[in-house]
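>>> Take a look and give me a structure for this.
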Amino acid sequence: MASLPRTSRAAVLSAPRQRVEIREIEILPPEAGAIVAKVEAATVCGTDVHIWEGDLQPEWPVGMGHEMVGRVAALGEGVVRDAADQPLQPGDRIVWAYPWCGKCYYCTIARQPSLCPNARMNGWRSAEKYPFLCGGFAEYCYILPQCRPVKVPDEVDSKVASSATCALRTVVHGFERLHAYGGIGVEPSVVILGTGPVGLYSLAMAIVSGAGQTISIGAPQRRIDLAHKWGATHTINLDEVTDSRERVEMVKKWTEGRGADLVIDAAGPAQAFSDGIEMIRRGGRMLVIGQATKKTVPFNPRMINHEMLEIIGVVSAHVTHFYKAMQFLKNHGERFNFSDMITNEYPLARVTEALQSMAALQEIKPAIIPTMS
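Residues are numbered from 1 along each chain as shown. Below is the predicted model of the structure:
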């Protein structure tokens, strides 16, 4: 086994809205089936912001960060290949899925491991519980045996690969569920609510899937500009068109008065769901990916049967979606400059600043680079 440092610096949050502290945490040698990775790049997700703001409750004090790419530093006994059956050795760049239990009803019978009630998710676990180094905002990360690693293609930048380990892999999962309902096809109009990473990756995947028309709705202008650059047919800036009724009418105007065939809610606020329902044509579909709030909105369920709507939900992803996300980046990196989403780089000491900047929508996707000083 390769020699490891004794400790790793890691970003730890003790309570909401506090400043993230950098702790020295012991690096444990990997048990059988486990891996220790040296983090090459991590990225800040909206979920990290929600944890920092107190909207979500992890195990405190939490080792922050669940989007990351690492290079294999040490392999536990029996680890010789990744999930795609590729040889794995020290120095390889990898991403890794959450450690689902593999034994419960959802993992085995339903084959929906992202619903596993026993999952121990990265970036949600206490930095004071075994194996301590489970967050991505750190120099090293301990990858549990239940995690399945996936090698990162040589063509994909580490920061971009990191950004895909939550947003894109969830979008891949969502489009897989869409496929069960007929997919997208070559002509439908698609509205994407939200121009953050989930919305932008949804836009890219809708275009690649053959959508005839794509409408991106979000803010601020920097994100709108990127959606336009990537190929959105139409865009609506929420800072400029503030009336939801006006936005609905704009969508209907662009879709021959009917509304969109598919609406993807990648936004987060509860109001986005209400807006999206009004934008769907009769017999259309809505894919809900980005809802993060616990707030409720009024909703008339009669619309579902009277308008023959299909509402599809998705949460997280499992290892197949991580693999497909990496392949999507590799195969379509020339069509979409995915690096455009990486708007800044921060060292570990400035994680709090990165979270604040993300919360203020000043970033699309900031990267944490542990080797930066």
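>>> The nearest residue to residue 93 once chain neighbours are set aside: neighbour count?
Spatial nearest neighbour of residue 93, excluding adjacent residues (Cβ to Cβ, 6 or more residues apart in numbering): residue 152 at 4.1 Å. Placement of C-beta: from N, CA and C, glycine included. Residue 152 has 26 neighbours, counted by other Cβ atoms under 10 Å.
>>> again, but for residue 29
Counted with other Cβ under 10 Å, the neighbours of residue 29 add up to 12.
>>> So it is in contact with residue 5, correct?
No. Contact criterion Cβ atoms under 8 Å: residue 29 and residue 5 do not qualify, at 11.5 Å.
>>> circling back to that earlier point, per-residue confidence at the residue nearest to residue 93?
Listed pLDDT for residue 152 reads 98.
>>> same thing with residue 290?
Residue-level pLDDT assigned to residue 290 equals 85.
>>> Run through the residues that contact the closest residue in space to it that isn't next to it in sequence.
If the residues on either side of it in the chain are set aside, residue 290 comes closest to residue 266, at 4.1 Å by Cβ to Cβ, 6+ apart. Listed by Cβ atoms under 8 Å, 6 or more residues apart in numbering, the contact set of residue 266 reads 171, 192, 193, 194, 196, 198, 199, 202, 289, 290.
>>> 10 Å - rerun?
Taking Cβ atoms under 10 Å, 6 or more residues apart in numbering as the criterion, residue 266 is in contact with 167, 170-171, 174, 192-203, 216-218, 272, 276, 287-291.
>>> ditto for residue 31
By Cβ under 10 Å, 6+ apart, the neighbours of residue 31 are 76, 77, 78, 131, 142, 144, 145.
>>> let's see it at 6 Å
By Cβ atoms under 6 Å, 6 or more residues apart in numbering, residue 31 lies in contact with residue 76.
>>> my guess is residue 366 meets residue 44, correct?
Yes. Residue 366 lies in contact with residue 44 (Cβ atoms under 6 Å); the separation is 4.9 Å.
>>> between those two, which one's more packed in?
Neighbour count, other Cβ under 10 Å: between residue 366 and residue 44, residue 44 has more, with 29 against 24.
>>> so that one touches residue 358, yeah?
Yes. Between residue 44 and residue 358 there is a contact under Cβ under 6 Å: 5.0 Å.
>>> so what sits against both of the two?
residue 366.
>>> Show me the shaky parts of the stretch 1-150 of the chain.
1-2 (pLDDT under 70).
>>> can you pull out the helices in it?
46-53, 105-108 (DSSP state H, counting those that start in this stretch).
>>> and if you look at the stretch 201-350 of the chain?
221-230, 244-254, 270-279, 302-306, 319-332.
>>> Quick one: these as TSV, columns for distance to residue 35, mean pLDDT and mean neighbour count too.
Shown next, in TSV, are those (distance: least, Cβ to Cβ, whole Å; pLDDT from 0 to 100; neighbours: other Cβ atoms under 10 Å):
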stretch	distance to residue 35	mean pLDDT	mean neighbour count
helix 221-230	34	97	18
helix 244-254	46	97	16
helix 270-279	38	92	20
helix 302-306	45	91	11
helix 319-332	14	97	21
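>>> Select, out of those helices, the one closest to residue 162.
helix 319-332 (10.8 Å; Cβ to Cβ).
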